[in-house]
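Colleague: How does the following fold in three dimensions:
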Amino acid sequence: MVDGDNAAKVNICVDFDDTISVRAFGTVFPAEGVIEALQRLRANGYKVIVHSARAWEEFPDRAKRIDDMRHMLDEWGVPYNEIWVGAGKPVAKAYIDDKAIRFDNNWSDIVDSILNLE
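Modeller: Numbering: from 1, shown residues only. Down below sits the predicted model:
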């Protein structure tokens, strides 16, 4: 992995569940447009780091979960540089996640958004 300063310039961290992959009727498949989007990022010099909580240390079948995720990414042709399943988040220029709320000095809007989640 690159040092922290460079990582903050080149790493793009992308969540796996409900961001790269989606589920419908019990089947998991790549989200629409994800492959082309990540190809474009990599073509522009970014390093794609797939981040997931699905294989944290607490899971006894952690190794299988990581293998399953890697298999899906490779089978679908999703471009990525590495998979991060450790504690915390890797250093990155941007984080793409279905549960993210953008901070722009807008705490009131953020709280309203959280309180209105279904």
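Colleague: got the buried residues for the helix or strand bottoming out on mean pLDDT in the chain?
Modeller: The weakest-scoring helix or strand in the chain, judged by mean pLDDT, DSSP states H and E, is helix 4-10 (a mean of 79). Buried residues in helix 4-10, counted by 16 or more other C-beta atoms under 10 Å: Ala7, Val10. Backbone N, C-alpha and C define where each C-beta goes, glycine included.
Colleague: Number the chain from 34, please
Modeller: Fine by me, first position is 34 from now on; the one you just mentioned is helix 37-43.
Colleague: just the helices in the protein please.
Modeller: 37-43, 67-76, 95-109, 140-148 (DSSP state H).
Colleague: Tabulate those (JSON lines), appending distance to Phe49.
Modeller: Below are the helices of the chain laid out as JSON lines (distance: least, C-beta to C-beta, whole Å):
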{"stretch": "helix 37-43", "distance to Phe49": "19"}
{"stretch": "helix 67-76", "distance to Phe49": "10"}
{"stretch": "helix 95-109", "distance to Phe49": "6"}
{"stretch": "helix 140-148", "distance to Phe49": "23"}
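Colleague: what's the most buried one of those?
Modeller: Stretch with highest mean neighbour count among those: helix 67-76 (a mean of 15; mean count of other C-beta atoms under 10 Å).
Colleague: quick one: the residue nearest to Ser146 when sequence neighbours are not counted and Pro93, what's the gap?
Modeller: Nearest non-adjacent residue to Ser146, counting by C-beta to C-beta, 6 or more residues apart in numbering: Ile134, 5.7 Å away. As judged by C-beta to C-beta, to the nearest Å, Ile134 and Pro93 stand 32 Å apart.
Colleague: Appreciated, that's everything.
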